[in-house]
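Colleague: Structure for the following, please:
(one chain, ligands or ions: 2)
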Amino acid sequence: MSLLELHDVSVTYRGTAGDVPAVRGVSLGLEAGEALGVAGESGSGKSTLAMSLLRLLPRDARVSGRILLEGEDVLGMSWGRLRAVRWASASVVFQGAQHALNPVRRIGDQIAEPLLVHGAATRDGARRRTAELLEQVGLPAWRARGYPHELSGGQRQRVMIAMALACSPRLIVADEPTTALDVMIQAQVLTLIRSLVAEHGIGLMMISHDLSVLAATCDRLAIMYAGRVVESGPARQVFRDA
Ligand code: ADP
Ligand code: ADP
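Modeller: Ligands and ions are numbered 1, 2, ... in the order given. Next comes the predicted model:
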């Protein structure tokens, strides 16, 4: 069984000027321990595809096709089941951590949120796990008591990664996780993500408009254009053909 399978997935937004087909008939597969890169210019449907995997799309979006996460049909799941799957089976790391983090909540409380949602920890257990996660992403445990504005962009992105890892999901979807960062920090965050995949055998879907970022991280590549996957295969082969 594959970790993730997409069969003919399409997503349409209902815009003010009519329907916007953002993803059109995408089929993809991802195995545990594998890193798949999804490239494509801005507007090609990459973020929409990422959000569709856990049904995190805006309400006016229509999704069709089949999305199988560890063999289970995501589009057919009840809300209760979906809640159980989010964070625990798969997490999404969104771009621009400054928007994704709550500015008035302590960092530790935000990282612990998925743990508490899943009833996987007592308050003390969550606190210990949070310290462990911060350390794993290269931040000192005392940062848990602080707030997002005290952190640099790279550090905030690390917090988002810690949060995504909290419940030890088998799949991480990272949507432009390094775009807002300067080149040195970008390299550090990429090294971190890559080592997590290697050490924990999780599947990674990494989305970027920047091919060099994907080349450094991914085994396979899919290139999107106007909502479709127009090319896919081993990273080396896709680069040779490009
Ligand atoms: P990418 O991540 O590759 O930049 P997106 O998935 O963000 O692409 O966008 C794909 C298409 O869907 C674009 O044409 C974009 O304008 C449109 N789109 C994205 N979000 C919405 C939305 N909430 N409502 C209407 N159209 C949207
Ligand atoms: P709410 O405001 O109710 O938290 P959201 O749309 O932010 O609504 O999130 C809906 C659900 O999806 C929540 O249960 C949240 O924990 C989960 N969720 C949000 N973001 C992610 C993510 N990046 N990865 C996994 N699950 C997420």
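
Colleague: Is ligand 1 within reach of stretch 82-92?
Modeller: No. Stretch 82-92 stays clear of ligand 1 (CB under 6 Å from any ligand atom), getting no nearer than 12.6 Å. (C-beta placed from N, C-alpha, C; glycine too.)

Colleague: counting residues per helix, which one in the protein is longest?
Modeller: helix 183-200 (DSSP state H).

Colleague: Next, the angle helix 183-200 makes with the next helix or strand after that helix.
Modeller: Sequence-wise, the next helix or strand downstream of helix 183-200 (DSSP states H and E) is strand 203-207. Angle, strand 203-207 to helix 183-200, by axes from the mean of the first three to the mean of the last three CA atoms, to 10 degrees: 160 degrees.

Colleague: Would you give the sheet partners of strand 203-207, along with the direction of each?
Modeller: In the sheet, strand 203-207 lines up against strand 35-40 (parallel), strand 171-175 (parallel) (DSSP bridges).

Colleague: Buried ones in that strand, by neighbour count?
Modeller: Buried residues in strand 203-207, counted by 16 or more other CB atoms under 10 Å: G203, L204, M205, M206, I207.

Colleague: Stretch 130-138 too?
Modeller: T130, A131, L133, L134, Q136, V137.

Colleague: Repeat that for stretch 86-99.
Modeller: Residues of stretch 86-99 classed as buried by neighbour count (16+ other CB under 10 Å): R86, W87, A88, S89, A90, S91, V92, V93, F94, Q95, G96, A97.

Colleague: right, and the fifth one touches I172 too?
Modeller: The one in question is A90. Yes. Between A90 and I172 there is a contact under CB atoms under 8 Å: 7.3 Å.

Colleague: picking up where we left off before, let me have the buried residues of stretch 86-99 in TSV, extended by pLDDT and distance to L68.
Modeller: TSV is the format used below for these (pLDDT from 0 to 100; distance: CB to CB, whole Å):
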residue	pLDDT	distance to L68
R86	94	16
W87	92	19
A88	92	17
S89	95	12
A90	95	12
S91	93	17
V92	91	17
V93	89	21
F94	84	23
Q95	77	26
G96	65	29
A97	56	29
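
Colleague: what separates the residue positioned nearest the centre of the chain from ligand 1, distance-wise?
Modeller: Geometric centre of the chain, nearest residue: V173, 2.3 Å, by CA atoms, centre = their mean. Noted for V173: a distance of 12 Å to ligand 1, by CB to the nearest ligand atom, to the nearest Å.

Colleague: cool, S89 as well?
Modeller: 22 Å.

Colleague: measure that residue to G108 for me?
Modeller: S89 is 24 Å from G108, where distance means CB to CB, to the nearest Å.

Colleague: Check S208 too.
Modeller: 29 Å.

Colleague: What residues does P103 make contact with?
Modeller: Y147, P148, H149 (CB atoms under 8 Å, 6 or more residues apart in numbering).

Colleague: Just the buried residues of the residues you listed.
Modeller: The neighbour count (16+ other CB under 10 Å) marks P148 as buried among the contacts of P103.

Colleague: Confirm for me that the residue nearest to the centre of the chain is in contact with V93.
Modeller: Yes. If you go by CB under 8 Å, V173 and V93 touch, sitting 7.0 Å apart.
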